[in-house]
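**Student:** Have a look; sequence and predicted model below, questions after that.
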Amino acid sequence: MASLTRRELLKTSGGALVAATASAALTIEPVAAQTPRRGGVFRLVMQLDPQGFDPHATLSFVTMIPLSFSHSRLVKVKAGPSVKPGTYPIEPDVAESWTRSNDTTYVFKLRKDVRWHNKPPVNGRELTADDVKYTYDRFRTIQGNPNRQFLESVDRIDVLDRHTVRFVLKEPSAWFLDMLASTATWLVARECVEKFGDLKKVESAIGTGPWMLERWEPNVRLVYVRNPNYFVPGLPYADGVEILLDRDPSSRLASWLGGKIDFAPEYQMVVRRLDLDVARRQKPGLQSVEYPWPVMGLTGFKLDREPFKDVRVRRALSRATSLADIFDGNAFSLGHYVAQGVVPAALGEWSVPIDQLGPEGRKDYQFDTADAKRLLAAAGYPNGFKTTVDTTAGFGPDFMDYVQVLVRNWKDAGIDAELNVKEYGAYVSTTIFGKFDKMMAGLRAIFTQPDSYLAQLFLPESPLNILGVHDGKLTEMIRLQRRTFDVAKRRDIIWEVQRYVAEEGYFGVNGSARVVSAWDAPVKNFMPNNGYDYGGRLMAAWIAK
């Protein structure tokens, strides 16, 4: 292996490529003729404690994953072994059905058998249209919601009757249903907000989902029990879920190999390729699937400050960066990766192929330290320059190895970067909102549609526009694809957005590991997918032992 030895680069947190890859690597038992079995406890691991239980207060995966077991949405991304990773069909959750009467009006009929968990202060009462309106009005208006853009198109929400709610949009949004299926849109109860305020206490984690959060032992585990009143008859099959909390990659691997958990120990049930052979030897019947991860690295810089005002400097950063150096030594990929633009390859046809970028964008993916030096000299920095880079060790030691590769690559081109390593909570509350001096290095959140990869980083009004992009042409293209319901035409616009972003140097060269997710032989009717909805994928799975 190369010098990078502890890689969890994508631990935080595609079409034809994903389908082909997944099909080729799929090693799971067909579900035909299997009989579901009730009982048992799913055991998995997560790296960090949740940052409270308010989906409207953070975009962190360490909050959204725990909520996926206890909470519901109007609609969700379909789960199950028939849904291959990288495909995102939408199906009802607490909504029974919906209609779109025109481009800006959606009416949702709610199921009549949905009840909140039977815990105070909600005490198992029925979920109604008023709850839906309350949740999404709060989502749109609460101060500091980093995911507010998901529903920025909503003008108003009307309660038509106890089980019918209408969303009226300000303008057409071709991604509206996908936005509602986001794992930031969990339904919350008014009583919980009124009693617990910031929803940080474990008692406030009350939803309508398949399991109920019983206890949280910080730095140890989260424990869930089956919701006996879950609205899908017969589900979930498992009596409970236990999530171990473990920051140490070696310890997580030992827990899996030792039989303490049922799924591979990294984010999204992934096993590092470095550990795959030993896992297969020790776990007969191990099931697995290979696919591109959607999470990518993010190198941010202040466009209104020197030297980053000059596109030649931004291109020099890209051309000084070697994806091979990053992924060949990455324990997750061991050289298995895919280069991509600002929309990850995990989203299939929405991601423009690198060979179809513009001329400067294509050159950025051709690692060339000499050309990076030439660009710096042309921009007035013949001896390079010094900068600071804010980052965090909270994504794990292998992420920090990735950052060190960037620093070494840049140093070879004359860019001297000093790291400012922040505690994870401080990083999430500051750096990702653009509160850094010159540069930052981190990971991007997972989205199941391309709009968020573009809007959050590039629309001027976005709180996550950390680069300070104010580009009228780019803004109009992003808004145009939102208004375009014809899928082929929308894809063409999104490809053009990615070409433009690459030519302007707003987003540097990037790639994603082609990872392997794995789960033990007794786990049936399961398939992982990109995103934070672990609970949605597990509620129809069962344990055959």
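**Tutor:** In hand now; what should we look at?
**Student:** Which residue ranges of the stretch 1-150 of the chain form helices?
**Tutor:** 16-25, 61-70, 129-141 (DSSP state H, counting those that start in this stretch).
**Student:** packing partners for the second one?
**Tutor:** Translated: helix 61-70. Under the contact criterion of 3 or more CB pairs under 8 Å, 6 or more residues apart in numbering; DSSP states H and E, helix 61-70 touches strand 41-46, strand 211-217, strand 221-226, helix 534-538. In this view, the C-beta of every residue, glycine as well, is placed from N, C-alpha and C.
**Student:** Which residues does that helix contact?
**Tutor:** Helix 61-70 has contacts (CB atoms under 8 Å, 6 or more residues apart in numbering) with 12-13, 46-55, 57, 117, 183-184, 186, 205-207, 209-213, 222, 224, 241, 243, 267, 445-446, 532-536, 538.
**Student:** Quick check on S182: phi, psi?
**Tutor:** phi -60, psi 150 (degrees, to the nearest 10).
**Student:** got it, and V278?
**Tutor:** phi -70, psi -40.
**Student:** and the residue nearest to it when sequence neighbours are not counted, what is it in contact with?
**Tutor:** Residue nearest to V278 in three dimensions, not counting chain neighbours: L257, with 7.2 Å by CB to CB, 6 or more residues apart in numbering. Shown in contact with L257 (CB under 8 Å, 6+ apart): 278-279, 282-283.
**Student:** any idea which element the closest residue to R273 other than its chain neighbours lies in?
**Tutor:** Counting by CB to CB, 6+ apart, R273 lies nearest to L334, which is 4.4 Å off, once chain neighbours are set aside. For L334, there is no enclosing helix or strand under DSSP states H and E.
**Student:** you'd agree L334 is up against D275?
**Tutor:** No: L334 lies out of contact with D275 (CB atoms under 8 Å); the separation is 10.6 Å.
**Student:** Go through the contacts of L257 and flag which are in helices.
**Tutor:** Using DSSP state H, the members of the contacts of L257 that fall within helices are 278-279, 282.
**Student:** among these, who's most crowded?
**Tutor:** For the ones in helices among the contacts of L257, neighbours were counted using other CB atoms under 10 Å, and A279 has the most, 20 neighbours in all.
**Student:** ok, now which ones touch the closest residue to it other than its chain neighbours?
**Tutor:** Excluding the flanking residues, the one nearest A279 by CB to CB, 6+ apart is V271, at 5.5 Å. Counting by CB under 8 Å, 6+ apart, V271 makes contact with 256, 264-265, 279, 288, 516-518.
**Student:** If V271 is in a bridge, with which residues?
**Tutor:** Applying DSSP bridges to V271 gives these bridge partners: V516.
**Student:** Where among the helices of the stretch 1-150 of the chain is average confidence lowest?
**Tutor:** With a mean of 34, helix 16-25 has the lowest mean pLDDT of these.
**Student:** in the helix or strand where L274 lies, what counts as buried?
**Tutor:** In this structure, L274 sits in helix 273-282 according to DSSP H and E. Buried residues in helix 273-282, defined by neighbour count with 16 or more other CB atoms under 10 Å: 273-276, 279.
**Student:** Great, nothing more from me.
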